[in-house]
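# have a look at this prediction, sequence included:
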Amino acid sequence: MDMDHVASRGLVLLGCGKMGSAILAGWLDRGLPPGAVWVQDPMPSDWVRAQGVHVNQDLPAAPAIVLVAVKPQMMGAALPDMVALGNGETVFLSVAAGTPIAHFQAVLGERTPIIRAMPNTPAAIGRGITALIGNQSATAAHLDLAENLLSAVGQTVRLQSESQMDAVTGVSGSGPAYVFHLIETLAAAGEAQGLPADLAMQLAKATVAGAGALAETSQETPTQLRINVTSPNGTTQAALEVLMDETRGFPALLNEAVAAATNRSKELSHG
C-alpha cells in the first residue's frame with residue numbers, strides 16, 4: 001500500500017494536539033496532499049485550520065488509516081464515533097500512551113487492523129523515535145505503511161510483543177524528560193562552581209545535544225566514546241568516579257528511574 005493509494009482513500013487524524021500536529025506537518029512536508037487528510041478535533045489550532053486539510057467534516061467511507069492521537073482521557077469519547085470503520089479495510093494506528101490494543105479491539109471489533117505506536121516528544125523537530133507493534137489483523141504491509149508514516153517524525157523500531165511497550169515508555173517515551181533534567185542539573189552545578197547562570201545553561205545544552213549527536217552518528221559505541229575522553233587521573237575520570245558509582249551513580253539511579261516509569265506504565269495501561 002503506497003502513499004498514493006493511501007492519499008486516494010484518505011487519512012483521518014483523530015486528535016491533533018502537539019503530537020498529531022507534528023506528524024501531520026511531517027506528512028505535508030513529504031508532499032502528502034492536504035485534501036487527503038481529515039482532522040477530527042474539538043479544538044483545532046489555527047495552524048491546523050491553515051493547512052488546507054478537512055477539519056471536522058464528514059469522513060470518507062473507508063479511509064486507509066485512522067491515526068489516533070487523542071489524549072488518553074479523551075479516548076472514551078472519541079473512539080466510539082469510529083466504530084463504523086472497524087472490522088474493515090481501515091488500519092487504526094494509535095500514538096496514544098497507555099491504551100492497549102485490547103481496548104481498541106473491544107471498541108472497534110476483533111478483526112480491526114490495529115497498530116500501537118509509542119513516539120516521543122523530539123518528534124516535534126523530526127528527531128523522535130517510535131516503537132510499533134501490531135495485532136493479529138495487522139499485516140506486514142500495514143506495518144510497513146505505519147512505519148513509513150511515522151518515519152516522517154524520526155526513527156522507527158518494531159517490537160516483538162506489546163508487553164515490551166511499558167519498558168519502551170520507560171526508556172524513550174519518558175526519557176527526554178530525564179535528559180532535560182540532566183541539562184538543568186548540569187547547568188546548576190556549573191553555576192555552583194562560579195559560572196554565570198546563562199553561560200552555564202548554554203554550555204550544558206550544547207554539551208548534551210552535541211554528545212547525543214556524536215553518539216548517534218559515530219561508528220564507535222558510547223562506551224568507547226566515553227573511554228576516548230577519559231584521560232588517566234584526569235578531570236573526566238574524577239567526575240566519572242562519582243557518576244559511575246554502582247550504588248549512588250547513574251547505574252543505580254537510571255535503573256531505578258526506568259523501572260519506576262515502566263511500572264507506572266503497567267499500572268496505567270493494565271488498570
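Now that the structure is in, tell me what you want to look at.
# CA only for contacts and neighbour counts going forward, please
OK.
# the stretch 51-200 of the chain: strands as residue ranges?
With DSSP state E, counting those that start in this stretch as the definition, the stretch 51-200 of the chain shows strands at residue ranges 54-55, 65-68, 91-94, 114-118, 128-134, 154-158.
# what is the burial count for Ser137?
Counted with other CA atoms under 10 Å, residues neighbouring Ser137 total 15.
# roughly how far does it sit from Asn87?
In this view, Ser137 and Asn87 are 9 Å apart by CA to CA, to the nearest Å.
# so what's the residue count around His181?
12.
# right, I mislabeled it, should have said Thr223
The number of residues packed near Thr223 is 9, by other CA under 10 Å.
# same question for Ala140.
For Ala140, the count of nearby residues is 10 (other CA under 10 Å).
# the one 10 residues further on too?
When neighbours are defined as other CA under 10 Å, Leu150 has 27 of them.
# hang on, it packs against Arg158?
No. Under the contact definition of CA atoms under 8 Å, Leu150 does not touch Arg158, with a separation of 11.8 Å.
# does anything pack onto the helix or strand of the chain with the lowest mean pLDDT? Which helices or strands?
Least confident element among the helices and strands of the chain, by mean pLDDT, DSSP states H and E: helix 3-9 (a mean of 84). Contacting helix 3-9 under the criterion 3 or more CA pairs under 8 Å, 6 or more residues apart in numbering; DSSP states H and E is no other helix or strand.
# and whatever helix or strand Lys266 lives in, how far from the chain's centre?
Lys266 is located in helix 250-270, with elements delineated by DSSP states H and E. The chain centroid and the centroid of helix 250-270 are separated by 17 Å, computed with CA atoms, centre = their mean, to the nearest Å.
# which parts of it are buried?
Of the residues in helix 250-270, 250, 257-259, 261-262, 264-266 count as buried by neighbour count, 16 or more other CA atoms under 10 Å.
# do the same with stretch 239-249
Judged by neighbour count (16+ other CA under 10 Å), stretch 239-249 contains these buried residues: Leu243.
# in the least confident helix or strand of the chain, what's buried?
Applying a neighbour-count criterion of 16+ other CA under 10 Å, the buried positions in helix 3-9 are 6-7, 9.
# on the three-state scheme, the closest residue to Thr221 other than its chain neighbours is what?
For Thr221, ignoring the flanking residues on the chain, the nearest one in space by CA to CA, 6 or more residues apart in numbering is Ala215 at 7.2 Å. Three states are possible here, and by DSSP: H, G, I helix; E, B strand; the rest coil the one that applies to Ala215 is helix.
# repeat that for the one 4 residues further on.
Going by three-state DSSP, the secondary structure assigned to Gln219 is coil.
# just the pLDDT for it.
What the model reports as pLDDT for Gln219 is 98.
# backbone phi and psi for Pro232, please?
The phi and psi torsions at Pro232 (degrees, to the nearest 10) take the values phi -60, psi 130.
# that one and Ala106, how far apart?
Taking CA to CA as the measure, Pro232 falls 60 Å from Ala106.
# swap in Asn120?
26 Å.
# neighbour count winner among those two?
Relative neighbour count places Asn120 above the other of Asn120 and Ala106, with 22 against 10, counting by other CA under 10 Å.
# rewinding a little: let's have the strands of the stretch 51-200 of the chain in a markdown table, adding mean neighbour count.
Shown next, in a markdown table, are the strands of the stretch 51-200 of the chain (neighbours: other CA atoms under 10 Å):
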| stretch | mean neighbour count |
| --- | --- |
| strand 54-55 | 19 |
| strand 65-68 | 24 |
| strand 91-94 | 26 |
| strand 114-118 | 26 |
| strand 128-134 | 23 |
| strand 154-158 | 16 |
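# nearest to Leu243, of those strands?
Shortest separation from Leu243 across these is recorded for strand 128-134, at 26.5 Å, computed as CA to CA.
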